[in-house]
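Student: Got a sequence here, can you build the structure:
(chains A and B)
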Amino acid sequence: MDIGTITIILFIVLIAALLTGLPLSFVMGGVSVWFTYILWGPQAITAVKANTFGVMQNFIITAIPLFIFVGIVLQNSGLAKSLYDMMYKWFGGIKGGLAVGTVIICMLFAAMTGISGAATVTMGLIALPSMLRHKYDKEISIGCVSAGGALGILIPPSVPMILYGLFAGESIGALFAGGILPGVLLGCMFIIYVLIRAYLQPSLAPSIPKEERANWKEKFISLKSVIPPIVLILAVLGAIFKGIATPTEAAAVGALGSLVCAAINRSLNWKVFRDSCYTTLKLSCMVVWIIIGGVCFTSVYTALGAVDLIKDVVAALPLSRYVILAGMQFVLFILGCLMDPGGIIMICTPVMVPVIKALGFDGVWFGILFTVNMEMAYLTPPFGFNLFYMKAIVPEGITMTDIIRSIIPYVGIQAICLVICIIFPELALWIPRKLIG
Amino acid sequence: MEGPLGLHPWEIVMGNIMKGLRFVDSLSEWTGKVISFLIFALAFFVGYEVIMRYGFNSPTIWVNDLSTMLFGTFIIIGGAYTLRDSGHVNMDVIYGRFSSTRRALLDLITFVILTLPFLGVMLWKGWEAAWKSVITLEHDSTQWGPPIYPFRLMLPLGAFLILLQALAKFVRDLMIVIKGGEEGS
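Tutor: Numbers count the residues shown, from 1 in each chain, chains lettered A, B, ... in the order given. Below is the predicted model:
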């Protein structure tokens, strides 16, 4: 059998195995054991051990649990509550202001942590009930929490970008820097959307009654709640972009800083600390075990020589390179509906990135496009993490259908943002060039 | 035929199986909970290194090795805890639509075909490598050069724990299939 046939069989087996509902990690690991055994014999399966040990000793991957820890601690820290009080005082009087404030808090969270769940869960518990109480339409309010939370992976730091960087061989720092403008752009697009909707249909997102609005003194006092997050953001991202610390070191500083933030908000106690450790373990193992399976699978795929094969086949296609790029984005979108973003990165990066580079595109830029695309993956049914998070915390009476309906306009905005990033690569590449060169 | 306490032998067997399953569950739970605190140790030591290097210009030679060991242990031992809580994501587009009996049947098959080879090989090869390291009392080849064999043992230990938890799920699925989906948790 030639390499082409084996590659096709490899992917068919992988897809079939994924459909059985077995955890991704075991699917990729199990499939890789079989193929290694059949292709290279019984001695070769020792690769499983070598790959696993390689992941355990990888200092870049070490950043992942640390950034997850930051998110979980912040989620329990009471920081979101004081930030929301501030946003309420400043923006409550504007039509749609509470939703705008929610998106801004999500952006701040996104700049401190690298996951989507932290802001989604906290804002779902704090902002959503408040917005509903103030007669905000449930579509606008649920949607802005789910979509805002997903910004966590685009605005640096970002766990998916670490995965991408690892598998694509791109600099994590450059990817983080590249996510800044698209992330801020996407957040602003959400805000503009909410403001326009609220202006045209004030009943969807009314301003809060005059007697509940804060005076200037209260407004300025409330500003002190943004000080700890801003300090934390500057310390973590500043250290990475200035080249003072590696992402992992910066993540450790962030983890300690998030505990300080929680202490400042007087919500650091043994229970919060303990539960944060437990949750961090679970989420980290989820991601890193997928990496273990993914590394095993990728090593089979690479050893097979399939990378060059696919590169040659795609390069020989009589298509514009932008058509190929669009095709890839479409595939990623479809996979995003069905699968976890970590698994998608693991499977698609080794296949797509060599092709992208052969076509003369930039690897960092593609990484940003990939991440913007994964923003949608967090929201699109049937498999969207933020949908599950929301379902678990929304007040009674809100159904999954409501949640899914609420995300439609926001997914549309994300798609527009993706197109903008494709048309203007500078959005993703300007800051990395300035900062890292 | 009656056993002690007037129980039918089958009930004693079932009782012991249930006890075994509960033991595996709590083993995964407690190893996970204990190991989860390593995340703080990891943050603390890496943070310490950053402060020493940039604050006092005196980098350590041991934080790098130590943080690798903390991270590796955290991840590999925590796999079983995560599995116990069904925290390893899967793709349930089709799977989610099946009845619980059919899901259990499918899980039985995939355990044998995929999970067992993967985790089994990890345990087997991981143990071989770890044992070689133990008998030579291997040290890390870095400047600090700490003993590395305890860390190498973490890989087969983690693989053992997660395999045990996967096996517990296998037994539960078997009970669901045999009973035809009435109960079995």
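Student: Every contact and neighbour count from this point should use C-alpha atoms.
Tutor: Noted.
Student: What is the neighbour count of residue B:142?
Tutor: Per other CA atoms under 10 Å in any protein chain shown, the neighbour tally for residue B:142 reads 11.
Student: can you tell me which residues contact the closest residue to it other than its chain neighbours?
Tutor: The shortest distance from residue B:142 to any non-neighbouring residue, by CA to CA, 6 or more residues apart in numbering or on different chains, is to residue B:65 (7.8 Å). Contacts for residue B:65 (CA atoms under 8 Å, 6 or more residues apart in numbering or on different chains) come out as B:142, B:144, B:146.
Student: Would you format the residues you listed as JSON lines with pLDDT and secondary structure included?
Tutor: Formatted as JSON lines, those follow (pLDDT from 0 to 100; DSSP: H, G, I helix; E, B strand; the rest coil):
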{"residue": "B:142", "pLDDT": "81", "secondary structure": "coil"}
{"residue": "B:144", "pLDDT": "82", "secondary structure": "coil"}
{"residue": "B:146", "pLDDT": "86", "secondary structure": "coil"}
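Student: quick one on the thing from earlier: wait, a strand at the residue nearest to residue B:142?
Tutor: No. Under DSSP: H, G, I helix; E, B strand; the rest coil, residue B:65 falls outside any strand and is assigned helix.
Student: Local confidence estimate at it?
Tutor: Predicted confidence (pLDDT) for residue B:65: 90.
Student: Just the CA coordinates for stretch A:43-56, please, in PDB.
Tutor: Taking C-alpha atoms only, stretch A:43-56 is exported to PDB below (Å, rounded to 0.1, in the frame of the first residue of the first chain):
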ATOM      1  CA  GLN A  43       9.100  -2.500  19.000                       C
ATOM      2  CA  ALA A  44       7.800   0.800  17.700                       C
ATOM      3  CA  ILE A  45       4.900   1.000  20.100                       C
ATOM      4  CA  THR A  46       7.300   2.200  22.800                       C
ATOM      5  CA  ALA A  47       6.700   5.600  21.100                       C
ATOM      6  CA  VAL A  48       3.600   5.900  23.300                       C
ATOM      7  CA  LYS A  49       5.700   6.100  26.400                       C
ATOM      8  CA  ALA A  50       8.300   8.400  24.800                       C
ATOM      9  CA  ASN A  51       5.500  10.800  23.600                       C
ATOM     10  CA  THR A  52       3.700  10.800  26.900                       C
ATOM     11  CA  PHE A  53       7.000  11.500  28.700                       C
ATOM     12  CA  GLY A  54       7.800  14.200  26.300                       C
ATOM     13  CA  VAL A  55       4.500  15.900  27.100                       C
ATOM     14  CA  MET A  56       5.100  15.500  30.800                       C
END
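Student: Which residues does that stretch contact?
Tutor: A:29, A:33, A:36-37, A:61, A:291-292, A:295-296, B:68-69, B:71-73, B:75-76, B:118, B:121-122, B:125-126, B:155.
Student: What values do phi and psi take at the closest residue to residue B:139 other than its chain neighbours?
Tutor: Once flanking residues are discounted, residue B:139 sits nearest to residue B:147: 4.1 Å by CA to CA, 6+ apart. Reported as degrees, to the nearest 10, the phi and psi values for residue B:147 are phi -60, psi 130.
Student: Please list only the buried members of the contacts of stretch A:43-56.
Tutor: Among those, those buried by neighbour count (16 or more other CA atoms under 10 Å in any protein chain shown) are A:29, A:33, A:36, A:61, A:291-292, A:295-296, B:68-69, B:71-73, B:75-76, B:118, B:121-122, B:125-126, B:155.
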